[in-house]
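Novice: predicted model and sequence below, questions to follow.
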Amino acid sequence: MSWGIGLRNIKTGIAICICLLIAVIFKLNSPFYAAIATIISMENTITNSFAAGRHRTMGTLVGALIGACFAFVDPGNVLLCAIGVVIVIYVCNLLHWNKSVSIGCIVFLAVMLNLGSNGANPWAYGLHRIIDTLIGISVAVAVNYLIFPPRLEERLEQKRVAFAERLSTEFKKITERGETADLPGLRAELISLEQAFEQWKNEIHPRKVTSQATNQTAEVLASYRHIYEHLVIMQRLREELGISAGKADLVTGAEQAESSESSLPTVGPFPMEDSQLERQRLNEQSEIVYSYHRTWIYQELRRQGLPVPDLQTLQSARSKPGRI
């Protein structure tokens, strides 16, 4: 449990204060609706604030227009309220404004149920609700953009560094100690990292972010995903075929080809049984595949400037006995 007051919390209070001051200055009849729009539109990112404001604006337009039309007939009528809500939902779905349905129904009912108490013109009342909403949304987006803007780039970098260290650690667990890597945990962190990248990439940034920086980050994340995929293959080879941690050495492609052609299929002066020969070939092939994936990860980690196991340590692991 966190007892601190977050920046989003503080910005919401600031936005409400500004919104109510605007209502006083311009003598708005219902600052309540502007304040609601401000609260709903204050999201964790500028892009999300803008999207929430857009959905609320579209819902307000539908609700206010249909509400004004029904209010001309009989404001507050129970049957018309029910029919109007059905129509609002239908129109929003027809326009693919699914996220605007709730606010559209709320605005429709606000026009229908509150109009009778003040005797205002339905069109004027609906227009005021639209203006209130636009004021609240504008204040929320402006405050979110100008005051303590979300630091998505810093969060992304923190997640990236943490995941890179985790990749190196899991690789060492497999290659140095022969342990089982935590692939589910690694996958969860990778998904969280990619989500943070998408959020940062789609954000409306106060400072301009170049396409080159976006592409470079995307390439790094793609490399991390490939490393994870190679780790998955290594883990499966060890679990299904019983390859020990140090059984397959870090070798080049030429050495792999040489090792596959080296030993003769004989035991002493007698030929090996077909089943035994097949098992030997399968083991040799699986060791070559295992070595390839380990070599690829090793080189990619080095290319990314990440810590890797000592090459001499990996080579000496061959002498360690045992199977998975």
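Specialist: Perfect, thanks for sending it.

Novice: run a quick neighbour tally on S30.
Specialist: 17 (other Cβ atoms under 10 Å). For the C-beta atoms, the positions are set from N, CA and C on the backbone; glycine is no exception.

Novice: my guess is it contacts I131. True?
Specialist: No - counting by Cβ atoms under 8 Å, S30 does not reach I131; the two are 9.9 Å apart.

Novice: for the closest residue to L152 other than its chain neighbours, which three-state class applies?
Specialist: Once flanking residues are discounted, L152 sits nearest to W200: 4.3 Å by Cβ to Cβ, 6 or more residues apart in numbering. State at W200, reduced to three classes by DSSP: H, G, I helix; E, B strand; the rest coil: helix.

Novice: so W200 touches E154, yeah?
Specialist: No - the pair W200 / E154 is not scored as a contact, 9.7 Å apart, by Cβ under 8 Å.

Novice: more neighbours: those two, which one.
Specialist: W200 (22 against 10).

Novice: how much space between the more buried one and L20?
Specialist: 33 Å (Cβ to Cβ, to the nearest Å).

Novice: which helix or which strand is home to L190?
Specialist: L190 belongs to helix 183-201 when assigned by DSSP states H and E.

Novice: quick check: mean pLDDT across that helix?
Specialist: Mean per-residue pLDDT for helix 183-201: 92.

Novice: for the residue nearest to L152, what are its contacts?
Specialist: Residues near W200 by Cβ atoms under 8 Å, 6 or more residues apart in numbering: 152-153, 155-156.

Novice: as a check, name the ranges of all helices in the stretch 101-250 of the chain.
Specialist: Listed in chain order, the helices of the stretch 101-250 of the chain (DSSP state H, counting those that start in this stretch) span 101-118, 122-146, 152-175, 183-201, 211-241.

Novice: the second one packs against which elements?
Specialist: What it means is helix 122-146. Applying 3 or more Cβ pairs under 8 Å, 6 or more residues apart in numbering; DSSP states H and E, one finds that helix 122-146 makes contact with helix 7-25, helix 31-41, helix 46-73, helix 101-118.

Novice: of the ones you listed, which is nearest R225?
Specialist: R225 lies closest to helix 46-73 among these, at 23.9 Å (Cβ to Cβ).

Novice: chain center to that closest one: distance?
Specialist: Chain-centre distance of helix 46-73: 28 Å, with Cα atoms, centre = their mean, to the nearest Å.

Novice: now do stretch 71-79
Specialist: 45 Å.

Novice: end to end, how far does it reach?
Specialist: Terminal residues of stretch 71-79 are spaced 12 Å apart (Cα to Cα, to the nearest Å).

Novice: same check, this time on stretch 113-131
Specialist: 19 Å.

Novice: list the contacts for R187?
Specialist: Y228.

Novice: what's the spacing between it and S30?
Specialist: Taken as Cβ to Cβ, the span from R187 to S30 is 50 Å.

Novice: count of neighbours near the nearest residue to M58 once chain neighbours are set aside?
Specialist: Nearest non-adjacent residue to M58, counting by Cβ to Cβ, 6+ apart: S100, 4.4 Å away. The number of residues packed near S100 is 25, by other Cβ under 10 Å.

Novice: list the buried ones in stretch 277-287?
Specialist: In terms of neighbour count (16 or more other Cβ atoms under 10 Å), stretch 277-287 has its buried residues at 284, 286-287.

Novice: count the neighbours of the closest residue in space to A110 that isn't next to it in sequence for me.
Specialist: Counting by Cβ to Cβ, 6+ apart, A110 lies nearest to R129, which is 6.5 Å off, once chain neighbours are set aside. By other Cβ under 10 Å, the residues close to R129 number 25.

Novice: next one: the one 3 residues further on
Specialist: For D132, the tally of surrounding residues (other Cβ under 10 Å) stands at 24.

Novice: many thanks, I have nothing further to ask.
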